[in-house]
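Q: Sequence first, predicted model second:
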Amino acid sequence: MAKILGIVPYPEMKELVSKVASERNDIEADIYVGDYRDCIRILEENLSKNFEAILSRGATADELKKRIHYIPVVDIPVSAFDLIAAVRLAKSSGGSFAAVVFPSLAAELRKLKDLTKDDFPVYSVSSEKETVEVLKSLKAEGCGMVLCGAVAYEHASLMGMPSILITSGRDCISRALDDAVQYARYNQKIHEELYFYTNILRAHERQTVILQEDGQILFTTESYPLAETLCGHSRKEIRLAAKYGKCSFYKVLDDTRYSVDCEKTEYDGRPCFTLMFVRTKIPVRIDRHGITYTDLRTVKTEVAASILPRFFNDEDLRTLQALSRSRSPILITGESDCYKSIIAEYLYVSDTRKAAPLIIIDFAALDITGWQFLMANDHSPLNENGCTVLVKNVAFLDGTKRMAFLNCIQQNLFCRRNRVIFVHTAADDPDIVRFVSQLVQKTYSQIFEVPPLRKRLSALGTFLSADLNRKNQASGEHVTEADPEVYEVLQSYHWPYNYKQLERVMERLYGSAADGKITREMAEAALQAEELLEVKETGRAREENGQPRIDYSRPLDEITRSVVLHVLDECGGNQRAAARRLQISRTTLWRMLKEAEEQKHKLP
């Protein structure tokens with residue numbers, strides 16, 4: 001069994017490589033998402049797993065080959081068919097497009113241009129900085145679509161530029177796995193021996209780190225960053241071990257206590273030190289429901305995967321760029337199902353404070369204990385400094401708590417010490433409207449309204465091509481064409497559930513595509529299913545402004561189901577928050593949802 005470490009540039013490729021690898025009986029694969037900027041970190045974190053080969057692609061594979069000489073690196077190729085499919089998708093958008101890729105792909109694309117006589121510019125870039133400069137230049141020139149690799153794809157998404165990611169198909173991944181297995185077998189015996197000794201060490205309660213006199217880590221059974229941090233904080237004790245042969249000590253790092261035994265040993269004629277330790281978690285702070293700390297990498301992934309930035313026009317982007325530079329609080333408002341939190345995350349990614357975590361306070365999920373923690377505990381997010389804080393669903397609080405929260409953030413200068421972003425769904429309740437007005441006035445918040453989908457239908461053409469490309473990445477298939485009538489059908493629909501509904505329709509269209517093509521009939525069937533969903537499944541109707549209303553002519557049980565489903569939808573699927581808002585138990589809510597599901601299957 002060959003142990004393969006995969007470092008691939010985007011989540012969909014991770015899923016596809018994992019799926020292809022799982023179909024084989026000669027591979028044990030761990031697949032991670034990373035690019036040339038963090039591939040070495042991922043490798044170092046997994047050194048103790050003794051991988052026998054590394055599977056990667058493009059610039060990431062090139063960087064690994066430069067830096068790593070003790071593990072073979074296999075580059076996942078991009079076939080001519082993959083390139084042709086990507087170019088065909090870009091051409092189907094109907095506008096101009098350009099390719100922004102690293103040198104290896106640039107050479108292949110130029111060969112393809114010579115054969116097919118296609119006329120589009122190919123920009124060869126060698127760094128992230130150069131990639132950003134080229135994308136900015138193309139955006140200024142009005143380029144309609146970018147054909148690119150993973151790094152350019154990430155930046156194009158953040159800049160609101162429609163983009164097609166050049167992917168590798170199943171055949172290329174299978175060939176790369178064959179090569180990885182072949183390379184791995186050459187060093188199988190050595191890896192098996194090292195794996196055997198490592199497991200013996202791991203069987204003990206204590207973890208082990210071995211480092212040289214100069215501080216370089218030779219071996220660790222713990223993650224590399226943690227081992228490096230612990231050794232860095234133990235320099236004084238290591239000097240004592242060098243003088244006296246061994247020593248024992250304690251260290252406290254990030255709410256965890258480490259009991260360490262350090263002993264001086266020798267390896268290859270040079271002095272080194274073995275640190276064996278046991279860690280114990282110190283309960284300094286307890287996590288509360290409704291309060292989340294999210295790192296930059298996770299937020300970037302969510303923003304890049306969202307469909308919302310693809311519907312921004314130049315005015316939207318200029319406004320958001322201005323807001324990202326401002327230190328004032330921001331209120332993001334709009335209709336439901338408009339992914340307003342994605343706008344907040346977009347601003348966080350663009351902010352200079354992104355080194356600190358994004359803190360999310362969701363009042364829809366905050367229980368009584370969580371409220372007390374937020375308002376009175378020393379470790380409350382309201383006592384943080386220099387962070388970006390996203391505050392959601394303030395309308396879920398009763399009037400007394402709303403004013404208590406507003407007074408608290410005013411008195412402790414919360415909005416001055418942090419970058420605060422409020423997210424609010426437009427409503428007709430006069431109490432909520434009045435409170436939001438007070439919030440804006442007292443915190444001096446700037447307002448950004450997320451446009452509903454019906455006001456951005458002109459961008460459907462480029463979005464459809466880009467979304468098909470994204471789904472092709474995940475499935476390994478090649479859906480490359482949509483009838484022109486498909487755009488007309490989609491643009492004529494009223495989209496009461498905005499961007500979330502569009503995502504649902506695109507999933508139906510992709511699943512029903514035949515021979516790599518989406519037809520008008522498929523689009524009409526998908527929208528008919530949405531009409532059925534709106535009328536029969538939820539029993540809801542919406543006014544033109546997107547707000548729900550109840551049809552009281554129906555039986556009481558149907559009205560009840562409609563209310564329950566609507567509240568659950570507004571809570572983002574959070575059953576705890578929905579039950580609290582409805583003032584029923586979670587068991588009762590579960591029973592109602594089960595009955596609604598059974599009723600849905602009875603519909604003709």
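A: Arrived safely. All of these numbers come straight from a predicted model, not from anything done at the bench.

Q: Identify the residue nearest Ile166 in space, chain neighbours excluded?
A: Ala86 (4.7 Å; C-beta to C-beta, 6 or more residues apart in numbering). Glycine gets a C-beta too; all of them are placed from N, C-alpha and C.

Q: Just to be sure, that neighbour is in a helix?
A: Yes - under DSSP: H, G, I helix; E, B strand; the rest coil, Ala86 sits within a helix.

Q: For Pro162, see how far away it is.
A: Counting by C-beta to C-beta, to the nearest Å, the separation of Ala86 from Pro162 is 13 Å.

Q: for Gly215, same thing?
A: From Gly215 to Pro162 the distance is 47 Å (C-beta to C-beta).

Q: Also Lys471?
A: Distance, Lys471 to Pro162, by C-beta to C-beta: 15 Å.

Q: Next: Thr292.
A: Per C-beta to C-beta, Thr292 is found 31 Å from Pro162.

Q: Then Val181?
A: From Val181 to Pro162 the distance is 38 Å (C-beta to C-beta).

Q: who has more neighbours, the two?
A: Shown here are Val181 and Pro162; by other C-beta atoms under 10 Å, Pro162 has more neighbours (24 against 18).

Q: can you map out the strands along the stretch 251-400 of the chain?
A: Assigned by DSSP state E, counting those that start in this stretch, the stretch 251-400 of the chain shows strands spanning 256-267, 270-281, 291-294, 330-334, 358-362, 388-392.

Q: The fourth one packs against which elements?
A: So that's strand 330-334. Applying 3 or more C-beta pairs under 8 Å, 6 or more residues apart in numbering; DSSP states H and E, one finds that strand 330-334 makes contact with helix 340-349, strand 419-425, helix 430-443, strand 446-449.

Q: how does it look with 10 Å?
A: When contacts are defined as 3 or more C-beta pairs under 10 Å, 6 or more residues apart in numbering; DSSP states H and E, strand 330-334 packs onto helix 314-325, helix 340-349, strand 388-392, strand 419-425, helix 430-443, strand 446-449.

Q: Strands along the stretch 1-150 of the chain, start to end?
A: Assigned by DSSP E, counting those that start in this stretch, the strands in the stretch 1-150 of the chain fall at 2-8, 27-33, 53-56, 73-75, 97-101, 122-124, 145-148.

Q: Note down every partner strand of the second one and its orientation.
A: This means strand 27-33. If you go by DSSP bridges, strand 27-33 pairs up with strand 2-8 (parallel).

Q: do the same with the last one
A: For strand 145-148, the pairing partners within the sheet under DSSP bridges are strand 97-101 (parallel), strand 163-165 (parallel).

Q: Next, the buried residues of the last one.
A: Buried residues in strand 163-165, counted by 16 or more other C-beta atoms under 10 Å: 163-165.

Q: What residue, apart from its backbone neighbours, is nearest the residue nearest to the spatial centre of the chain spatially?
A: The chain has Thr301 as the residue nearest its centroid, 2.6 Å off, counting by C-alpha atoms, centre = their mean. Nearest residue to Thr301, sequence neighbours excluded (C-beta to C-beta, 6+ apart): Pro11, at 6.8 Å.

Q: tally of neighbours for that neighbour?
A: Pro11 has 15 nearby residues by other C-beta under 10 Å.

Q: Let me know the distance separating it from Thr298.
A: Taken as C-beta to C-beta, the span from Pro11 to Thr298 is 11 Å.

Q: So the nearest residue to Ile361 once chain neighbours are set aside versus Leu382, what's the distance?
A: Spatial nearest neighbour of Ile361, chain neighbours left out: Val391 (5.0 Å); criterion: C-beta to C-beta, 6+ apart. Plainly put, Val391 is 10 Å away from Leu382 if you go by C-beta to C-beta.

Q: who touches both of those two?
A: Common neighbours of Val391 and Leu382 (criterion: C-beta atoms under 10 Å, 6 or more residues apart in numbering): 359, 361, 405, 409, 414.

Q: can you redo the residues you listed as JSON lines with neighbour count?
A: Shown next, in JSON lines, are those (neighbours: other C-beta atoms under 10 Å):
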{"residue": "Ile359", "neighbour count": "20"}
{"residue": "Ile361", "neighbour count": "24"}
{"residue": "Phe405", "neighbour count": "22"}
{"residue": "Ile409", "neighbour count": "21"}
{"residue": "Phe414", "neighbour count": "22"}
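
Q: Quick check: the two most widely separated of those residues?
A: Ile359 and Phe405 (14.8 Å; C-beta to C-beta).

Q: From the centre of the chain, give me the residue that's furthest out.
A: Relative to the centre of the chain, the most outlying C-alpha is that of Tyr244, 49.4 Å out, by C-alpha atoms, centre = their mean.

Q: Low-confidence stretches in the stretch 351-500 of the chain?
A: For the stretch 351-500 of the chain, the stretches with pLDDT under 70 are 352-356.

Q: Using CSV, lay out the helices and strands packed on strand 330-334 together with mean neighbour count.
A: Output for these, formatted as CSV (neighbours: other C-beta under 10 Å):
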stretch, mean neighbour count
helix 314-325, 14
helix 340-349, 24
strand 388-392, 25
strand 419-425, 23
helix 430-443, 15
strand 446-449, 16
